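Participant: okay, predicted coordinates and the sequence, questions at the end:
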Amino acid sequence: MQVISTLLQRRLVWLALLVSSTLFTPAASADAILHAFDWHYDEVAAKAGEIKDLGYKAVLVAPPLKSNAANCAWWQRYQPQDIRVIDHCKGNKQSFVNMINALNDANPARKVDVYADIVLNHMANERNGATDFPGQSTVNDYGNNSSYWNNQSLFGNLSQGLFGSGDFNPANCISNYNDVWQVQNYRLCGGGGDTGLPDLNPNSWVVQQQRSYLTALKNLGVTGFRVDAAKHMTIWHLNEIFTTGIKSGMYLFGEIITSGGAGNNEYDSFLAPYLAYTDHKAYDFPLFNSIRSAFGFGGSLSQLVNPLSAGQALQNSRAVTFTVTHDIPTNDGFRYLIMDPTDEYLAYAYVMGRDGGKPLIFSDSTGTDNGRWVNAYKADHIAKMLNFHNRMQGQGMEMLAWNDCAILFRRGQEGVVGINKCGSSQSFNVNTHGRFYWYRNYRDVLSGANLVYINGGSYNFSIPARQARMWYAD
């Protein structure tokens, strides 16, 4: 009976989310996020003008905290030693503030928001499993080099430590990732006797420090937070940290990795309750899995006509959409999620062309996979798709035609998107009455040509093999 009751509760949560999504459909907005993954803050600042010119509206940057500055491996940024200061291989508080200033602009239309990647679930796995942070040696260094560290300070008294043994949960490693209690109260461990990342206990002291940390970042000009490992935090803890004052004016989204949408155990156990009992946004892993399935062998692009209706996508207003995140290529356990390069290109056309969610563009600095995603933020196709995405701001969306190979949808009268995953061209003849401008060119943003000129009640849209078309009204 308990199992049946639990399943029923999960299904009701999903139904509530689905009903609310059908009742409230927000207007589209042009708000793509550049994930400047592991970029130095100085690099973001140096490219601020280019980022504005490309049309990004926000940049997600490396966690602003203290981590091991002597080790430049990307994962070090996710092992906090102290949240009261900013100092790591990719910058310090001074470079962080300079970056924010560079992304600001007197012209509101060109201002780029800064979203900080934040780590609140755990501290660093170091010093033989220590649970005193940042450790006495670091506290001594703060005192001995006070002129430097005072300039990197966000809040608090650096003459004292921040967390002690009483601020952590027991040192148990997660062994069952389907067990909600373990996932949210035990440690992430690497195996082979690894003691894991010390898991913070949400006592009043910890919550107070985390609130002070977020408030300090907000006061510096940060306008959004990505919550790393939100899946490993209780909803109670998240709601305690993110007060109304901290959330006001902020874009807040969490990382809760799932392998599907409604009906998938990870979704029902973690993501659906997170969405139901917080007002935060989240990575749209349900949509990502729909995309992978649709573009995969034997999949059908008809799966992308209305994935929300089947619980396989998040509400538009709650979704951060993507084709790849930093965890996928850099963590062995997720590399199977890497898409074929052409499929990823076509998936970007879908994510950037559709109405709904904030598209996130991953641009890597680690050089993984022979530099596949290095400088992806300004790749020719991304720049052109971003141009289309911004042009379509405020336009609604209608699916026009689809089959297993291809999909065609319009964005108001201003644009139309066609995507073909198969090895032969696909054509759709559609009724144009009230849907498109007549006697006016539509130009494909990807090629700059392939003009569509409509002068009658129907038009035959053709999409070449393994290609996308994103036509906009000239």
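Facilitator: Sure, I can see it. Residues are numbered from 1 along each chain as shown.
Participant: now do the residue lying closest to Q136 once chain neighbours are set aside, the pLDDT please.
Facilitator: In space, Q136 comes closest to G161 once its chain neighbours are excluded; the distance is 7.3 Å by CB to CB, 6 or more residues apart in numbering. All C-beta spots, glycine's among them, are computed from the backbone N, C-alpha and C. Reported pLDDT at G161 in the predicted model: 98.
Participant: what's the burial count for G161?
Facilitator: 15 (other CB atoms under 10 Å).
Participant: distance of it relative to D42?
Facilitator: Using CB to CB, to the nearest Å, we find G161 at a distance of 30 Å from D42.
Participant: I174 contacts Q184, doesn't it?
Facilitator: No. Contact criterion CB atoms under 8 Å: I174 and Q184 do not qualify, at 9.3 Å.
Participant: what's the spacing between the residue nearest to Q136 and M123?
Facilitator: Counting by CB to CB - G161 and M123 are separated by 12 Å.
Participant: what's the answer for L408, then?
Facilitator: From L408 to M123 the distance is 50 Å (CB to CB).
Participant: give me phi/psi at L360?
Facilitator: Here is the backbone geometry of L360 (degrees, to the nearest 10): phi -110, psi 130.
Participant: what's around it, how many residues?
Facilitator: For L360, using other CB under 10 Å, the count is 23.
Participant: who's in contact with it?
Facilitator: L360 sits next to 32-33, 35, 60, 283, 320-322, 325 when contact means CB atoms under 8 Å, 6 or more residues apart in numbering.
Participant: 6 Å - rerun?
Facilitator: 33, 35, 320, 322 (CB atoms under 6 Å, 6 or more residues apart in numbering).
Participant: grab the nearest non-local neighbour of the last one.
Facilitator: Read it as F322. Nearest to F322 is L360, by CB to CB, 6+ apart, at 4.6 Å.
Participant: same question, S293
Facilitator: G299 (4.8 Å).
Participant: now for that neighbour, how many residues are close by?
Facilitator: Under the criterion other CB under 10 Å, the count of neighbours that G299 has is 17.
Participant: please enumerate the strands of the stretch 101-250 of the chain.
Facilitator: Per DSSP state E, counting those that start in this stretch, the stretch 101-250 of the chain carries strands over the ranges 113-118, 224-227.
Participant: again, but for the stretch 251-400 of the chain
Facilitator: Under DSSP E, counting those that start in this stretch, the stretch 251-400 of the chain gives strands at 251-254, 281-283, 319-321, 358-364, 397-402.
Participant: the longest one vs strand 113-118, what angle?
Facilitator: Orientation of strand 358-364 against strand 113-118 (axes from the mean of the first three to the mean of the last three CA atoms, to 10 degrees) gives an angle of 70 degrees.
Participant: the spatially closest residue to S175 that is not a sequence neighbour and C189, how far apart?
Facilitator: Excluding its sequence neighbours, the residue lying closest to S175 (CB to CB, 6+ apart) is Q182, at 6.7 Å. To C189, Q182 is 11 Å away according to CB to CB.
Participant: now N219
Facilitator: From N219 to C189 the distance is 36 Å (CB to CB).
Participant: ok, the two, which is more surrounded?
Facilitator: More neighbours surround C189 than the other of N219 and C189, with 17 against 10 (other CB under 10 Å).
Participant: need the contact list for that one.
Facilitator: Counted by CB under 6 Å, 6+ apart, C189 has contacts 173, 196.
Participant: per-residue pLDDT, it?
Facilitator: 95.
Participant: same question for A106.
Facilitator: With respect to pLDDT, A106 has a value of 89.
Participant: how about Q2?
Facilitator: Reported pLDDT for Q2: 38.
Participant: burial measure for H433, as a count.
Facilitator: H433: 10 neighbours (other CB under 10 Å).
Participant: swap that for H381, sorry
Facilitator: Neighbour number of H381 under other CB under 10 Å is 16.
Participant: how about the contacts made by it?
Facilitator: Taking CB under 6 Å, 6+ apart, one finds Y345 in contact with H381.
Participant: start at 380 instead
Facilitator: Sure, I'll start numbering at 380, so the last one becomes H760.
Participant: columns distance to P652 on top of the contacts of L739, output as TSV?
Facilitator: TSV is the format used below for those (distance: CB to CB, whole Å):
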residue	distance to P652
I412	25
H414	26
V699	18
F701	22
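Participant: show me these that map onto helices.
Facilitator: Residues of these located in helices (DSSP state H): none.
Participant: check what pLDDT the nearest residue to A427 once chain neighbours are set aside gets.
Facilitator: Spatially, and ignoring its direct neighbours in sequence, A427 is nearest to A481 (3.9 Å; CB to CB, 6+ apart). At A481, the model reports a pLDDT of 98.
Participant: wait, the residue nearest to S554 sits on C552?
Facilitator: No. Checked against CB atoms under 6 Å, the pair Q561 and C552 is beyond contact range at 8.7 Å.
Participant: how close does E422 get to Y756?
Facilitator: 11 Å.
Participant: kindly report the same for F512.
Facilitator: As for F512, its distance to Y756 is 34 Å (criterion: CB to CB).
Participant: what does H616 give?
Facilitator: Note on H616: its distance to Y756, by CB to CB, is 33 Å.
Participant: show me the protein divided up by domain.
Facilitator: 388-770, 776-852 (automatic domain parsing).
Participant: any stretches of the stretch 680-829 of the chain with poor pLDDT?
Facilitator: Scanning the stretch 680-829 of the chain for pLDDT under 70 picks out nothing.
Participant: A strand includes V796, no?
Facilitator: Yes. With DSSP: H, G, I helix; E, B strand; the rest coil as the criterion, V796 is part of a strand.
Participant: just checking, it touches M849?
Facilitator: Yes. Counting by CB under 6 Å, V796 does reach M849; the two are 5.3 Å apart.
Participant: overlap of the contact sets of those two?
Facilitator: Common neighbours of V796 and M849 (criterion: CB under 6 Å, 6+ apart): G732.
Participant: L787 and M502: who's more crowded?
Facilitator: Neighbour totals were compared for L787 and M502, and M502 leads with 26 against 23 (other CB under 10 Å).
Participant: separation between that one and G736?
Facilitator: Taking CB to CB, one finds M502 at 32 Å from G736.
Participant: try N668
Facilitator: 15 Å.
Participant: alright, that wraps it up for me.
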